[in-house]
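Engineer: Predicted model and sequence follow; I will ask about them next.
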Amino acid sequence: MYFTNDGFRRTIILFLQNAFERVNPTLFFNRKDFTMKLTVIVIQILFIHVFLFLGAALKEVIPLPIPGSMFGLILLFLALYFRIVKLEWVERGAKWLMAELLLFFVPSAIGIVNYDDILSLQGAEIVLLIGISTVIVLGMTALVAERITDRKRGEQH
């Protein structure tokens, strides 16, 4: 039905043309470099997942109401802080994961639509909880940014 519509077909063609115009042409000529970068990113993402699995294992040992992924994130932070893991070992993979973060949330947001009975019964509670947690995250981010900025100003003088 949609594929027979000329407007839809033209829209898809324009989208693809614009996407290919933005592609770096050297990407196609330097495939070895691209393959090497891609391999490094995949290995770094797998290394980050090691901490995810360590956090899940730690969650089984420590019965706190904290997700295993948060335990893994704390373990990765501590490993970076104490220089057990070098930043270069995870930097590219983490940047790629952060760049594609929205992609990871779309399926869960779409999946909520299937559970309208939950939203109708507990919708206000969920919205309130999301609002409170958003304010807390914004406040903590502002606090950390303020302290980092103050520290950098102190180092410059």
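Structural biologist: Arrived safely. Numbering: from 1, shown residues only.

Engineer: Show me the shaky parts of the protein.
Structural biologist: Along the chain, segments meeting pLDDT under 70 span 1-31, 106-121, 157.

Engineer: Would you map the helices across it?
Structural biologist: Secondary structure of the chain by DSSP state H: the helices cover 6-22, 26-29, 31-61, 68-81, 91-99, 101-112, 116-156.

Engineer: got JSON lines for these, with mean neighbour count too?
Structural biologist: In this view, the C-beta of every residue, glycine as well, is placed from N, C-alpha and C. Below are those laid out as JSON lines (neighbours: other CB atoms under 10 Å):
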{"stretch": "helix 6-22", "mean neighbour count": "10"}
{"stretch": "helix 26-29", "mean neighbour count": "10"}
{"stretch": "helix 31-61", "mean neighbour count": "14"}
{"stretch": "helix 68-81", "mean neighbour count": "16"}
{"stretch": "helix 91-99", "mean neighbour count": "14"}
{"stretch": "helix 101-112", "mean neighbour count": "9"}
{"stretch": "helix 116-156", "mean neighbour count": "10"}
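
Engineer: Skipping adjacent residues, who's closest to Leu87 in space?
Structural biologist: Leu80 (6.4 Å; CB to CB, 6 or more residues apart in numbering).

Engineer: hmm, I was thinking of Val90
Structural biologist: Of all residues not flanking Val90 in the chain, Gln44 sits nearest, at 5.2 Å (CB to CB, 6+ apart).
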